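>>> Fold the following.
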Amino acid sequence: MNRSSVVAHIDEDHGWTVVELMVIILIIGILLAVAVASYTRASDSANAAACRENQVVMNRAIAVARASGTEIDALDDIASCIVNFDGVSTCPLDGTPLEYDPVTDTVTCPNHPQ
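Residues are numbered from 1 along each chain as shown. Predicted coordinates:
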């Protein structure tokens, strides 16, 4: 085989075949699906952890309010004990308000109970 026939053969290759492109698109799709699923799990886990921390903050504020002699009938009664009451009194997942249970004297979230 002479050199000119090898060069001519290389020049005839104009790009990728449809099968090669489909395989690459399939691989990219699989990687994207794994990344999105991982991000969703991480986001849900972070929201749940933030909500549990909000519940802890609210329960500590109840303890502070009780120690100072404040009568607590609803969550609004402890608003003066918390700097960012509006942000802490809701669930980060969907903005659902946290619920105060006067029987147990604790705050819980309908989405993330402790």
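
>>> which residues in the chain form strands?
Using DSSP state E, the strands of the chain run over 99-101, 106-108.

>>> I'd like the mean pLDDT over stretch 40-52, please.
Confidence over stretch 40-52 (mean pLDDT, whole number) is 92.

>>> can you pull the buried residues of that stretch?
47-48, 51 (16 or more other C-beta atoms under 10 Å). Just so you know, the C-beta spots here come from the backbone N, C-alpha and C atoms, and that holds for glycine as well.

>>> ok, residue 85 - contacts?
Applying C-beta atoms under 8 Å, 6 or more residues apart in numbering to residue 85 gives the contacts 78-79.

>>> OK, contacts around residue 82?
Residues near residue 82 by C-beta under 8 Å, 6+ apart: 57-58, 61, 88-89.

>>> Try it again at 7 Å.
The contact partners of residue 82, by C-beta atoms under 7 Å, 6 or more residues apart in numbering, come to 57, 61, 88.

>>> what's the spacing between the last one and residue 69?
Meaning residue 88. 22 Å (C-beta to C-beta, to the nearest Å).

>>> out of these two, which sits in the more crowded spot?
residue 88 (21 against 6; other C-beta atoms under 10 Å).

>>> Let me know the pLDDT of the more buried one.
88.
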